[in-house]
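> I'll drop the sequence and a predicted model, then ask my questions.
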Amino acid sequence: KQEVTQIPAALSVPEGENLVLNCSFTDSAIYNLQWFRQDPGKGLTSLLLIQSSQREQTSGRLNASLDKSSGRSTLYIAASQPGDSATYLCASGGDSGGYQKVTFGTGTKLQVIP
Amino acid sequence: DGGITQSPKYLFRKEGQNVTLSCEQNLNHDAMYWYRQDPGQGLRLIYYSQIVNDFQKGDIAEGYSVSREKKESFPLTVTSAQKNPTAFYLCASTTRGQRRTGELFFGEGSRLTVL
(Lines give C-alpha, C1' and ligand atoms only; values in the text may rest on other atoms or scores of the structure.)
Protein backbone atom coordinates (compact mmCIF):
# COMPACT_ATOMS: atom_id res chain seq x y z
CA LYS A 1 0.00 0.00 0.00
CA GLN A 2 1.35 3.39 -1.03
CA GLU A 3 2.20 5.79 1.77
CA VAL A 4 3.03 9.43 1.17
CA THR A 5 4.83 11.46 3.83
CA GLN A 6 5.47 15.19 4.02
CA ILE A 7 7.97 16.60 6.48
CA PRO A 8 7.87 19.05 8.15
CA ALA A 9 4.20 19.41 8.99
CA ALA A 10 4.67 23.16 9.40
CA LEU A 11 7.25 25.68 8.28
CA SER A 12 7.69 29.38 8.96
CA VAL A 13 10.09 31.49 6.88
CA PRO A 14 10.79 35.21 6.37
CA GLU A 15 9.66 36.82 3.14
CA GLY A 16 12.13 36.54 0.28
CA GLU A 17 13.64 33.24 1.38
CA ASN A 18 13.95 30.32 -1.01
CA LEU A 19 12.52 27.13 0.43
CA VAL A 20 12.08 23.44 -0.28
CA LEU A 21 9.13 21.26 0.67
CA ASN A 22 9.68 17.51 0.81
CA CYS A 23 7.49 14.59 -0.19
CA SER A 24 8.40 10.92 0.06
CA PHE A 25 6.52 7.85 -1.12
CA THR A 26 7.00 4.16 -0.45
CA ASP A 27 6.02 2.60 -3.79
CA SER A 28 8.05 3.84 -6.75
CA ALA A 29 5.61 2.37 -9.29
CA ILE A 30 3.77 5.64 -9.78
CA TYR A 31 2.34 7.26 -12.90
CA ASN A 32 2.76 10.81 -11.72
CA LEU A 33 3.28 13.10 -8.76
CA GLN A 34 1.17 16.19 -8.24
CA TRP A 35 1.62 19.18 -5.96
CA PHE A 36 -1.35 21.14 -4.66
CA ARG A 37 -1.96 24.26 -2.65
CA GLN A 38 -4.84 24.52 -0.18
CA ASP A 39 -5.97 27.74 1.48
CA PRO A 40 -8.01 27.50 4.70
CA GLY A 41 -11.54 26.26 4.08
CA LYS A 42 -10.94 25.91 0.34
CA GLY A 43 -10.44 23.16 -2.17
CA LEU A 44 -7.11 22.07 -3.59
CA THR A 45 -5.48 24.01 -6.41
CA SER A 46 -3.16 22.10 -8.71
CA LEU A 47 0.32 23.63 -8.90
CA LEU A 48 2.45 21.16 -10.82
CA LEU A 49 2.08 17.66 -12.25
CA ILE A 50 5.15 15.56 -12.99
CA GLN A 51 4.68 12.47 -15.13
CA SER A 52 6.70 9.38 -14.19
CA SER A 53 8.94 9.83 -17.23
CA GLN A 54 9.83 13.39 -16.24
CA ARG A 55 12.35 14.65 -13.71
CA GLU A 56 10.95 18.11 -13.05
CA GLN A 57 8.35 20.73 -13.89
CA THR A 58 8.46 24.49 -13.52
CA SER A 59 5.80 27.16 -13.22
CA GLY A 60 6.88 30.69 -12.39
CA ARG A 61 8.63 30.67 -9.00
CA LEU A 62 7.78 27.01 -8.45
CA ASN A 63 9.88 24.03 -9.43
CA ALA A 64 9.01 20.43 -8.62
CA SER A 65 11.37 17.51 -9.03
CA LEU A 66 10.77 13.78 -9.00
CA ASP A 67 13.19 10.96 -8.19
CA LYS A 68 11.28 7.71 -8.43
CA SER A 69 14.25 5.54 -7.50
CA SER A 70 14.59 7.21 -4.12
CA GLY A 71 10.86 7.75 -3.65
CA ARG A 72 11.17 11.50 -3.29
CA SER A 73 9.77 14.69 -4.72
CA THR A 74 10.57 18.26 -3.78
CA LEU A 75 8.77 21.53 -4.36
CA TYR A 76 11.09 24.51 -4.57
CA ILE A 77 9.61 27.97 -4.01
CA ALA A 78 11.85 30.87 -4.97
CA ALA A 79 11.69 34.29 -3.33
CA SER A 80 8.78 33.42 -1.06
CA GLN A 81 5.97 35.95 -0.53
CA PRO A 82 3.30 36.29 2.17
CA GLY A 83 0.74 35.22 -0.46
CA ASP A 84 2.46 31.85 -0.62
CA SER A 85 1.21 31.08 2.88
CA ALA A 86 -0.97 27.98 2.58
CA THR A 87 -0.86 24.23 3.05
CA TYR A 88 0.98 22.34 0.32
CA LEU A 89 0.07 18.76 -0.42
CA CYS A 90 1.70 16.21 -2.66
CA ALA A 91 -0.09 13.23 -4.16
CA SER A 92 1.12 10.18 -6.03
CA GLY A 93 -0.91 8.67 -8.85
CA GLY A 94 -0.73 4.94 -9.43
CA ASP A 95 -2.54 1.74 -10.28
CA SER A 96 -4.90 -0.07 -7.95
CA GLY A 97 -6.28 -3.25 -9.48
CA GLY A 98 -6.57 -1.65 -12.89
CA TYR A 99 -8.04 1.61 -11.65
CA GLN A 100 -6.23 4.86 -11.01
CA LYS A 101 -5.59 5.69 -7.40
CA VAL A 102 -4.22 8.88 -5.90
CA THR A 103 -2.56 8.86 -2.47
CA PHE A 104 -2.14 12.13 -0.60
CA GLY A 105 0.33 13.28 1.99
CA THR A 106 -0.90 15.18 5.05
CA GLY A 107 0.64 18.41 3.85
CA THR A 108 3.12 21.06 4.95
CA LYS A 109 1.60 24.25 6.35
CA LEU A 110 3.73 27.16 5.18
CA GLN A 111 3.75 30.60 6.74
CA VAL A 112 5.74 33.37 5.04
CA ILE A 113 6.34 36.24 7.43
CA PRO A 114 6.46 39.78 5.97
CA ASP B 1 -15.20 29.07 -17.13
CA GLY B 2 -14.69 25.32 -16.82
CA GLY B 3 -14.50 23.85 -13.38
CA ILE B 4 -16.05 21.79 -10.63
CA THR B 5 -18.96 23.15 -8.61
CA GLN B 6 -19.81 21.73 -5.21
CA SER B 7 -22.90 22.65 -3.27
CA PRO B 8 -23.83 23.49 -0.66
CA LYS B 9 -20.66 25.04 0.76
CA TYR B 10 -21.91 24.56 4.33
CA LEU B 11 -24.45 22.02 5.53
CA PHE B 12 -25.81 21.19 8.94
CA ARG B 13 -27.47 17.89 9.64
CA LYS B 14 -29.25 16.39 12.56
CA GLU B 15 -28.29 12.91 13.62
CA GLY B 16 -30.28 10.27 11.75
CA GLN B 17 -30.75 12.33 8.61
CA ASN B 18 -29.39 11.57 5.16
CA VAL B 19 -27.87 14.45 3.21
CA THR B 20 -26.73 14.73 -0.39
CA LEU B 21 -23.74 16.76 -1.56
CA SER B 22 -23.74 17.90 -5.15
CA CYS B 23 -20.75 17.82 -7.51
CA GLU B 24 -21.01 19.08 -11.09
CA GLN B 25 -18.17 19.46 -13.60
CA ASN B 26 -18.09 21.00 -17.06
CA LEU B 27 -14.56 19.88 -17.89
CA ASN B 28 -15.73 16.86 -19.89
CA HIS B 29 -13.78 14.63 -17.52
CA ASP B 30 -14.48 10.91 -17.39
CA ALA B 31 -13.28 10.15 -13.87
CA MET B 32 -14.72 11.71 -10.72
CA TYR B 33 -13.84 11.24 -7.06
CA TRP B 34 -15.11 12.02 -3.58
CA TYR B 35 -12.64 12.60 -0.75
CA ARG B 36 -13.05 13.31 2.90
CA GLN B 37 -10.62 15.60 4.74
CA ASP B 38 -10.24 15.66 8.52
CA PRO B 39 -7.80 17.84 10.49
CA GLY B 40 -4.34 16.31 10.65
CA GLN B 41 -5.17 13.57 8.18
CA GLY B 42 -4.57 13.24 4.48
CA LEU B 43 -7.44 13.10 2.04
CA ARG B 44 -9.22 9.77 2.15
CA LEU B 45 -11.04 8.33 -0.84
CA ILE B 46 -14.74 7.60 -0.37
CA TYR B 47 -15.91 6.63 -3.88
CA TYR B 48 -14.71 7.03 -7.43
CA SER B 49 -16.21 6.65 -10.88
CA GLN B 50 -14.37 6.07 -14.14
CA ILE B 51 -17.38 6.25 -16.48
CA VAL B 52 -21.10 6.87 -16.40
CA ASN B 53 -23.14 4.21 -14.56
CA ASP B 54 -20.04 2.76 -12.92
CA PHE B 55 -18.48 3.54 -9.56
CA GLN B 56 -16.22 1.83 -7.06
CA LYS B 57 -15.78 1.97 -3.30
CA GLY B 58 -12.75 3.73 -1.99
CA ASP B 59 -11.03 3.29 1.34
CA ILE B 60 -13.83 4.61 3.56
CA ALA B 61 -17.10 3.94 1.68
CA GLU B 62 -19.13 2.69 4.66
CA GLY B 63 -22.08 4.99 5.38
CA TYR B 64 -21.87 6.71 2.00
CA SER B 65 -23.54 6.17 -1.37
CA VAL B 66 -23.09 7.69 -4.84
CA SER B 67 -24.59 7.63 -8.32
CA ARG B 68 -23.21 8.48 -11.75
CA GLU B 69 -26.15 8.86 -14.10
CA LYS B 70 -24.57 11.68 -16.07
CA LYS B 71 -20.97 12.35 -17.02
CA GLU B 72 -21.14 15.81 -15.45
CA SER B 73 -22.60 14.83 -12.10
CA PHE B 74 -21.43 12.69 -9.18
CA PRO B 75 -23.57 13.31 -6.06
CA LEU B 76 -22.59 11.90 -2.68
CA THR B 77 -25.15 10.89 -0.06
CA VAL B 78 -24.03 10.78 3.54
CA THR B 79 -26.38 8.35 5.23
CA SER B 80 -27.37 7.99 8.86
CA ALA B 81 -25.15 4.90 8.96
CA GLN B 82 -22.02 7.08 8.77
CA LYS B 83 -20.93 7.27 12.40
CA ASN B 84 -18.78 10.38 12.24
CA PRO B 85 -19.88 12.45 9.24
CA THR B 86 -18.65 15.86 10.36
CA ALA B 87 -15.87 16.67 7.89
CA PHE B 88 -14.82 18.63 4.81
CA TYR B 89 -15.83 16.85 1.60
CA LEU B 90 -14.00 17.38 -1.66
CA CYS B 91 -15.00 16.36 -5.17
CA ALA B 92 -12.39 15.95 -7.90
CA SER B 93 -12.17 14.95 -11.53
CA THR B 94 -9.57 14.04 -14.12
CA THR B 95 -9.40 13.36 -17.82
CA ARG B 96 -7.72 10.00 -17.80
CA GLY B 97 -9.38 6.65 -17.64
CA GLN B 98 -8.10 3.35 -16.43
CA ARG B 99 -4.40 2.77 -15.71
CA ARG B 100 -3.36 6.39 -16.06
CA THR B 101 -3.86 9.29 -13.73
CA GLY B 102 -4.12 12.69 -15.27
CA GLU B 103 -4.06 16.02 -13.53
CA LEU B 104 -6.58 16.11 -10.73
CA PHE B 105 -8.89 19.12 -10.35
CA PHE B 106 -10.89 19.90 -7.24
CA GLY B 107 -14.04 21.74 -6.31
CA GLU B 108 -14.20 24.22 -3.44
CA GLY B 109 -15.48 21.67 -0.97
CA SER B 110 -18.53 21.20 1.24
CA ARG B 111 -18.32 21.37 5.01
CA LEU B 112 -20.80 19.09 6.75
CA THR B 113 -21.53 19.51 10.44
CA VAL B 114 -23.70 17.11 12.39
CA LEU B 115 -25.58 18.77 15.23
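Thanks, I have it. Numbers count the residues shown, from 1 in each chain, chains lettered A, B, ... in the order given.

> buried sites along stretch B:12-26?
B:13, B:19, B:21, B:23, B:24, B:25 (16 or more other C-beta atoms under 10 Å in any protein chain shown). For glycine as for every other residue, the C-beta is placed from the backbone atoms N, C-alpha and C.

> want to throw these into a markdown table with secondary structure, pLDDT and distance to chain A?
What follows is these, written out as a markdown table (DSSP: H, G, I helix; E, B strand; the rest coil; pLDDT from 0 to 100; distance: C-beta to the nearest C-beta, whole Å):
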| residue | secondary structure | pLDDT | distance to chain A |
| --- | --- | --- | --- |
| B:13 | strand | 90 | 19 |
| B:19 | strand | 95 | 19 |
| B:21 | strand | 97 | 13 |
| B:23 | strand | 98 | 11 |
| B:24 | strand | 98 | 14 |
| B:25 | strand | 97 | 12 |
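
> now tabulate these in JSON lines and tack on distance to residue B:32.
Below are those laid out as JSON lines (distance: C-beta to C-beta, whole Å):
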{"residue": "B:13", "distance to residue B:32": "23"}
{"residue": "B:19", "distance to residue B:32": "19"}
{"residue": "B:21", "distance to residue B:32": "13"}
{"residue": "B:23", "distance to residue B:32": "7"}
{"residue": "B:24", "distance to residue B:32": "10"}
{"residue": "B:25", "distance to residue B:32": "7"}
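
> write out the residues of chain B neighbouring chain A.
Contacts of chain B with chain A, taken as C-beta under 8 Å from any C-beta of the partner chain, map to B:4, B:6, B:31, B:33, B:35, B:40-43, B:45, B:48, B:50, B:56, B:88, B:90, B:92, B:94, B:96-101, B:103-109, B:111.

> filter those down to the ones in strands?
B:4, B:6, B:31, B:33, B:35, B:45, B:48, B:56, B:88, B:90, B:92, B:94, B:105-106, B:111 (DSSP state E).

> which of those residues are buried?
Among those, those classed as buried by 16+ other C-beta under 10 Å are B:4, B:6, B:31, B:33, B:35, B:45, B:48, B:88, B:90, B:92, B:94, B:105-106.

> may I ask which two of those are separated the most?
B:31 and B:88 (21.0 Å; C-beta to C-beta).

> look up how far residue A:93 lies from the nearest residue to residue B:73 once chain neighbours are set aside.
Excluding its sequence neighbours, the residue lying closest to residue B:73 (C-beta to C-beta, 6 or more residues apart in numbering or on different chains) is residue B:24, at 5.4 Å. Between residue B:24 and residue A:93 the computed distance is 23 Å (C-beta to C-beta, to the nearest Å).

> next one: residue A:34
Taking C-beta to C-beta, one finds residue A:34 at 7 Å from residue A:93.

> which residues do the two both contact?
The contact sets of residue A:34 and residue A:93 overlap at A:102, B:104 (C-beta atoms under 8 Å, 6 or more residues apart in numbering or on different chains).

> OK, contacts around residue 103?
In the absence of a named chain, chain A is used. By C-beta under 8 Å, 6+ apart, the residues touching residue A:103 are A:2, A:3, A:4, A:25, A:91, A:92, A:94, B:42.

> that answer is for a different chain, and I need it for chain B
A:34, A:46, A:49, B:94, B:95 are the contacts of residue B:103 under C-beta under 8 Å, 6+ apart.
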